[in-house]
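Q: Return a 3D structure for these sequence lines:
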Amino acid sequence: MRQLALTLMLAVVMSVGVGYQMSAQARTSSLPDFTTIVEKSEAAVVNIRTTAKVSGNRQGPQGQDPYEMFRHFFGPDFQPPGGARPPQQGPRGRRAEPEERSVPRGVGSGFFISSDGHLLTNHHVVADATDIFVTLTDGREFKAKVIGSDQRTDVALLKIEAKGMVSLPIGDTKTLKKGQWVMAIGSPFGLESTVTSGIISALGRETGDYLPFIQTDVAVNPGNSGGPLLNLDGEVVGINAQIVSRSGGFMGISLAIPIDEAMRVADQLRASGKVTRGRIGVQIGEVSKDVAQAIGLPKAEGALVSGVEPDAPADKAGVQPGDVILKFDGKPITRWSDLPRLVGSTKPGTSAPLEVWRKGKLVNLKVSVAEIKAEKTAEAPAAPKAVETQKVVLGMTVVPVAADVQKKLRIKGGVQVTTVGAPASTAGIVEGDIILAANDTDITSPEQFAKVIDGLDSSRPVGLMVRSGDQTRWVAVSTAK
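A: Predicted coordinates for the structure are as follows:
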């Protein structure tokens, strides 16, 4: 009996051990194997080094020789690396004019998108470079030509005189998901063909730049810039471009340009050497939840129009400050930053429908997209002239807007703030601001403004359309007494 119990116990222990081993094997087998991807993709990734022309004299920040400290320790005959000699003396003992020389400027990465030698990298890798050298994995080096470079998206298209290059297949960024495995190949700190891997941490990451980024935890460092971000099918889904770091090195957050956006830029660069973008001439901002509630917008989405450039496409289409643009060319504007991307990628001359939210209603407009150019800056409104009437509303003293100010700002009616206190001051309204509307009602005079506010439900904030300088915004102000 005792022998039977020992036998059963041993069997249980063995089964547990086998189960643990199988579980460990299952966990191991579920991890991706990048070796095949590397074998197929590595030859398409290149190291990029650049040089720049500088003055031939080696001088420090204050015009001093940076090697003077070494001569202090090692004697006056010390020569810097490379055997550079002291400046030569010109006629009559004068120092000869320094000659220009090429010095290393930086390193980065890139990858071929076609077999004829076209490759992509970052704009910041090649910007201001005198010469660009591309080194392949087999050791061959070529001098590259910049076909075009776009600072706004940080994408550059280069070309080397070679054929039969291994190129990377282009993936579909629309299929990417958080948690998906990805891999990077590049030259961090000049270490060529370095492979790192991780997962996608976030999609559409906003950083204030023109494009939404792919955020990953793939180890990326200086020198990785311009290299590819690959999925498990070996397709390039992004261009590694930035890191979020307090140390200057990798701290777990890397950002890549979506490849579909980069390819759109590359196609234009290949065709014309530059990128042409559309514009409609509006200044926009975010729609907050309080403002959305105050103006009756079902969701806090869209792009709030704070200013319209005179005679610009949006102005001609009838867009007004205070409008919320919900759709452009049939595409929804979920975040305010979606609008400049959609408009920018639209060919100038295209007629596109606009759906805007105005005073509680949907309004459909049509805008003809123009080519982007520098925005004009409008003048600030002049100080109000002497007026006959004034009212205190929501803690602020308001007066009529002078006729010449209305003409200059291209507005009708409104009231101007001369002094301000709570609750208006708490909401951010300041002296000189002009109140154009309260919820869905246009404001025409101080008396009418007071009546409109008195007739509102004090349990809900009121949305005020406020003109500040050349900007128009919606402000939610409490009406509680």
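
Q: Report the separation between the nearest residue to T479 once chain neighbours are set aside and T194.
A: Residue nearest to T479 in three dimensions, not counting chain neighbours: S458, with 4.7 Å by CB to CB, 6 or more residues apart in numbering. In this view, the C-beta of every residue, glycine as well, is placed from N, C-alpha and C. Using CB to CB, to the nearest Å, we find S458 at a distance of 64 Å from T194.

Q: Just confirm the residue nearest to T479 is within a strand.
A: No: counting by DSSP: H, G, I helix; E, B strand; the rest coil, one finds S458 to be coil, located in no strand.

Q: May I have the predicted confidence score for it?
A: On pLDDT, S458 comes in at 75.

Q: higher neighbour count, S458 and T194?
A: The neighbour comparison of S458 against T194 (other CB atoms under 10 Å) goes to T194, with 20 against 12.

Q: was I right about that one contacting V218?
A: No: counting by CB atoms under 8 Å, T194 does not reach V218; the two are 11.2 Å apart.

Q: Burial check on D323, number of neighbours?
A: What D323 shows, counting by other CB under 10 Å, is a neighbour count of 26.

Q: can you pull the contacts of it?
A: Contacts for D323 (CB atoms under 8 Å, 6 or more residues apart in numbering) come out as 304-305, 356-358, 363.

Q: Can you pull the phi/psi pair for it?
A: D323 adopts backbone torsions of phi -70, psi 150, taken as degrees, to the nearest 10.

Q: G227 and D260: what is the separation?
A: 18 Å.

Q: Which one's more surrounded, those two?
A: Neighbours per residue (other CB under 10 Å) separate G227 from D260, with G227 holding more: 34 against 14.

Q: Check what pLDDT that one gets.
A: The per-residue pLDDT of G227 was computed as 96.

Q: Could you double-check that it lies in contact with N240?
A: Yes: the criterion here is CB under 8 Å, and G227 meets it with N240 at 5.0 Å.

Q: joint contacts of those two?
A: By CB under 8 Å, 6+ apart, the residues touching both G227 and N240 are 109, 184, 186.

Q: Near the first one, how many other residues are there?
A: If I follow you right, that is S109. S109, neighbours per other CB under 10 Å, totals 30.

Q: Which of the three states applies to it?
A: Once three-state DSSP is applied, S109 turns out strand.

Q: residues in contact with it?
A: So S109 contacts 45-48, 121, 125, 185-187, 223-227, 240 (CB under 8 Å, 6+ apart).

Q: could you pull out the helices for the stretch 201-350 of the chain?
A: Along the stretch 201-350 of the chain, the segments classed as helices by DSSP state H, counting those that start in this stretch run 259-272, 289-294, 313-317, 338-344.

Q: Quick one: these as TSV, columns for distance to G278 too.
A: Output for the helices of the stretch 201-350 of the chain, formatted as TSV (distance: least, CB to CB, whole Å):
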stretch	distance to G278
helix 259-272	12
helix 289-294	27
helix 313-317	9
helix 338-344	5
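
Q: Mind putting the ones you listed into JSON lines with distance to V405 and mean pLDDT?
A: Below are the helices of the stretch 201-350 of the chain laid out as JSON lines (distance: least, CB to CB, whole Å; pLDDT from 0 to 100):
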{"stretch": "helix 259-272", "distance to V405": "43", "mean pLDDT": "93"}
{"stretch": "helix 289-294", "distance to V405": "25", "mean pLDDT": "86"}
{"stretch": "helix 313-317", "distance to V405": "19", "mean pLDDT": "93"}
{"stretch": "helix 338-344", "distance to V405": "29", "mean pLDDT": "87"}
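
Q: Of these, which is nearest G421?
A: helix 289-294 (19.9 Å; CB to CB).

Q: can you pull the buried residues of the closest one?
A: Within helix 289-294, the residues that count as buried by 16 or more other CB atoms under 10 Å are 290-292, 294.

Q: just stretch 34-51 next, same as before
A: Applying 16+ other CB under 10 Å to stretch 34-51 flags 34, 37-38, 41, 43-51 as buried.

Q: domains for the protein, by residue range?
A: For the chain, automatic domain parsing gives the domain ranges 173-272, 278-371, 391-477.

Q: how about TSV for the ones you listed, with distance to L158 added?
A: Formatted as TSV, these follow (distance: least, CB to CB, whole Å):
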stretch	distance to L158
domain 173-272	9
domain 278-371	23
domain 391-477	41
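
Q: out of the ones you listed, which comes closest to I132?
A: Closest among those, using CB to CB: domain 173-272, at 11.2 Å.

Q: roughly how far is that closest one from the heart of the chain?
A: Computed by CA atoms, centre = their mean, to the nearest Å, the chain-centroid distance of domain 173-272 equals 13 Å.

Q: again with stretch 442-460
A: Computed by CA atoms, centre = their mean, the separation of stretch 442-460 from the middle of its chain amounts to 41 Å.

Q: before we move on, the earlier item: out of the shared contacts of G227 and N240, who's nearest V477?
A: A184 (49.2 Å).

Q: which residues sit in contact with the closest one?
A: 195-197, 216, 218-220, 224, 227-230, 240, 254.

Q: quick one: which of the residues you listed is nearest K331?
A: The closest of the contacts of A184, once distances to K331 are taken by CB to CB, is L229, at 25.3 Å.

Q: right, and that closest one touches V236 too?
A: Yes: using CB under 8 Å, L229 is in contact with V236, at 6.8 Å.
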